[in-house]
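K.L.:
The amino acid sequence is not available; the structure is as follows:
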């Protein structure tokens, strides 16, 4: 590197260093593509994706396709009937009776299970309660118990001929004759009560998680202002957890709309279709061996109609969810 001379003001000569030269650029190594960089991740995801496509996505698409055929589930579907299956479903009194029962399950879960679980969650969230973790465990145990097993056990316990609950009621003198809990008039409320007991634990966990989001500073400020327990619950706890509560409502609604396993294990949709829900209605037409020829295409149409109605009812909760979220983020 050599310097150059320039003539400055007054005729003086100044030595000016040339600008530094940049080192030769090294060739950039090409980064591997996204597929190559994440190859192992896709390998581990592949089994789950294959199972999802095989047991969730394909049955959904196939049910839409087969709903346009009069098909018994054996061999290829060839007898195209168009919208005849959908028309029969929408004009079937039995379908709307089953849908009414399914909706009642959700209504009871929302109006009874959710508020009760919130009150218990507030109690179990108190640090002054001894053994609260044990109580949480006991309340959550029914959730992890197989629903079919729960249904069979309760059917035995409620049996009017020698069932444990009837024997207990008679031994304590509360009743003189056996109570038929699963009769045509009382079977639906009985199954609903067991469904609330079965799903109570998961709703309780949802509320407990929501209560952890309430800042402790708000509770301390409410104590300074002289607020009592009910006032703190109304003006502090409920407004903070309201956005999460809408999500819990949505999850509870989705879970309780399909009590198939419990109903099938306890009553098989009886007696006289008193506990029939949409899932048992679909099962009866698709797989019931008592039918001369199973109507698989009709069952698919009933499932599609029920899915669309449930989707619409879920979408109607969207504005409520958005409004509560915006209110909570302010």
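P.N.:
It's in. Predicted model, so just to flag it, every value in this text is computed and none were measured.
K.L.:
what about the strands in the chain?
P.N.:
Counting by DSSP state E, the chain has strands at residues 4-7, 13-16.
K.L.:
Contacts only, for residue 126.
P.N.:
Residue 126 makes contact with residue 132 under the criterion C-beta atoms under 8 Å, 6 or more residues apart in numbering. From N, CA and C alone the C-beta is placed, and that goes for glycine too.
K.L.:
gap between it and residue 135?
P.N.:
Residue 126 sits 11 Å away from residue 135, going by C-beta to C-beta, to the nearest Å.
K.L.:
Quickly, which of the strands of the chain bottoms out on average pLDDT?
P.N.:
With a mean of 52, strand 4-7 has the lowest mean pLDDT of the strands of the chain.
K.L.:
could you give me the average pLDDT of the longest helix along the chain?
P.N.:
The single longest helix within the chain, with elements called by DSSP state H, is helix 187-211. Regarding helix 187-211, the rounded mean pLDDT is 94.
K.L.:
do stretch 288-297 as well
P.N.:
Here the average pLDDT along stretch 288-297 is 77.
K.L.:
same thing with stretch 167-183?
P.N.:
For stretch 167-183, the mean confidence score works out to 87.
K.L.:
What is the end-to-end distance of it?
P.N.:
Counting by C-alpha to C-alpha, to the nearest Å, you get 18 Å between the two ends of stretch 167-183.
K.L.:
Quick check: buried residues in it?
P.N.:
Of the residues in stretch 167-183, 169, 178-182 count as buried by neighbour count, 16 or more other C-beta atoms under 10 Å.
K.L.:
and of these, the nearest to residue 237?
P.N.:
residue 181 (37.0 Å; C-beta to C-beta).
K.L.:
Can you name the residues that contact the closest residue in space to that closest one that isn't next to it in sequence?
P.N.:
Take residue 181 and drop its neighbours on the chain: the residue closest to it by C-beta to C-beta, 6 or more residues apart in numbering is residue 158, 4.2 Å away. Under the criterion of C-beta under 8 Å, 6+ apart, the neighbours of residue 158 are 165-166, 181-182, 190.
K.L.:
out of those, what pair is the most spread apart?
P.N.:
Farthest pair in the contacts of residue 158 (C-beta to C-beta) is 166 and 190. Separation: 12.8 Å.
K.L.:
In this protein, what helix or strand scores lowest on average pLDDT?
P.N.:
Every helix and strand of the chain was ranked by mean pLDDT, DSSP states H and E. The lowest is strand 4-7, at a mean of 52.
K.L.:
Go ahead and flag the most central residue of the chain.
P.N.:
The centroid of the chain falls nearest to residue 251 when counting by C-alpha atoms, centre = their mean (3.9 Å).
K.L.:
List the contacts of it.
P.N.:
By C-beta under 8 Å, 6+ apart, the contact set of residue 251 is residue 206.
K.L.:
so how far is residue 199 from it?
P.N.:
According to C-beta to C-beta, residue 251 stands 10 Å off from residue 199.
K.L.:
can you check residue 213 too?
P.N.:
Residue 213 is 22 Å from residue 199, by C-beta to C-beta.
K.L.:
Could you do residue 215 as well?
P.N.:
For residue 215, the distance to residue 199 - C-beta to C-beta - is 29 Å.
K.L.:
Which one's more surrounded, those two?
P.N.:
residue 199 (22 against 10; other C-beta atoms under 10 Å).
K.L.:
how much space between the more buried one and residue 127?
P.N.:
27 Å.
K.L.:
Just list the residues touching the nearest residue to residue 218 once chain neighbours are set aside, thanks.
P.N.:
Spatially, and ignoring its direct neighbours in sequence, residue 218 is nearest to residue 236 (5.0 Å; C-beta to C-beta, 6+ apart). Residues counted as contacts of residue 236 (C-beta under 8 Å, 6+ apart) are 214, 218-219, 222, 227.
K.L.:
Let me know the closest of these to residue 304.
P.N.:
The shortest approach to residue 304 among those belongs to residue 214, at 42.0 Å (C-beta to C-beta).
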